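Chemist: How does the following fold in three dimensions:
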Amino acid sequence: MDRDNKIIKIEKMTENPFLNMYDLTARNREGGTFHYYFASRGEGQELKCITRKNNPEGIMVYAVCRDNPCNIVLIRQYRYPINDFVYEMPAGLMEPGESAGATAVREFKEETGMELTLYEGGDAALRNPFYTTVGLTDESVSVLYGYASGQPNGDQRESSEDMEVVIADREEAKRILREEKVAMKCAQSLIHFLQASPEEPFAFLNI
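Modeler: Numbers count the residues shown, from 1 in each chain. Here you go, the predicted model:
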């Protein structure tokens with residue numbers, strides 16, 4: 001028996017197109033059993049708790065403006081679970097067979113109307129997929145970096161997406177962190193942004 005495998009049984013609880021709930025019967029440290037509930041975009045034998053592989057479901061984009069790297073591109077989006085608007089980074093789900101870079105360029109265009117030129121420097125490991133909220137879901141996301149150009153517009157958004165593009169300078173970034181509702185990944189990105197040099201906006205990727 002795999003002593004590191006604490007999972008006894010997995011039952012799918014819902015049938016939804018993008019995200020489902022699972023009831024996992026698990027073994028605790030003392031040999032007893034309990035139920036653990038989590039959400040996943042995966043199915044069947046492809047669930048990460050079975051494969052133990054970390055394949056990203058989506059991407060997030062950290063983009064500064066090409067003509068002024070002292071400005072960063074954010075999204076202010078309505079989110080149903082909190083019934084309110086929250087500041088986020090542009091992000092989206094990968095399509096089957098699509099690379100993270102291709103997803104980043106496509107989703108950035110769809111959400112902001114702007115063009116994204118990917119930044120290829122820095123340590124490649126920082127573009128690996130990282131888990132988002134691992135106590136609740138197995139979802140992981142790769143962060144891509146780049147320069148934004150063009151004018152924001154919402155021509156390619158879906159009808160369910162209620163958002164606006166925010167081009168934030170350093171003072172606005174500080175205000176957002178202090179006063180607004182902010183997604184954690186966005187908050188961490190703004191902290192990087194506030195510490196970055198306009199001459200080398202992605203220097204923090206050199207680890």
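
Chemist: got a list of contacts for the helix or strand harbouring Ile167?
Modeler: Per DSSP states H and E: Ile167 is located in strand 163-168. The set of residues external to strand 163-168 that reach it, using Cβ atoms under 8 Å, 6 or more residues apart in numbering, is 65, 71-78, 87, 111-114, 152, 154, 157, 172, 176, 190. Every residue, glycine included, has its C-beta placed from N, CA and C.

Chemist: May I have it as CSV, with CA atoms only?
Modeler: The C-alpha trace of strand 163-168 is given here as CSV (Å, rounded to 0.1, in the frame of the first residue of the first chain):
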residue,chain,number,x,y,z
MET,A,163,-15.7,44.3,-15.8
GLU,A,164,-13.6,47.3,-16.6
VAL,A,165,-10.0,47.8,-17.5
VAL,A,166,-8.0,49.8,-15.0
ILE,A,167,-4.6,51.3,-16.0
ALA,A,168,-3.1,52.0,-12.6
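
Chemist: That one: which residues count as buried?
Modeler: Neighbour counts over strand 163-168 (16 or more other Cβ atoms under 10 Å) mark Met163, Val165, Val166, Ile167, Ala168 as buried.

Chemist: Across the sheet, point out what pairs with the second one.
Modeler: Going by DSSP bridges, Val165 is paired in beta bridges with Ile75.

Chemist: From Tyr145, how far out is it?
Modeler: According to Cβ to Cβ, to the nearest Å, Val165 stands 18 Å off from Tyr145.

Chemist: Please apply the same query to the first one.
Modeler: When Cβ to Cβ is the yardstick, Met163 and Tyr145 sit 21 Å from each other.

Chemist: how about low-confidence regions in this protein?
Modeler: 1-3 (pLDDT under 70).

Chemist: tell me, what residue is most central in it?
Modeler: Of all residues in the chain, the one closest to the mean position by Cα atoms, centre = their mean is Met60, 4.4 Å from it.
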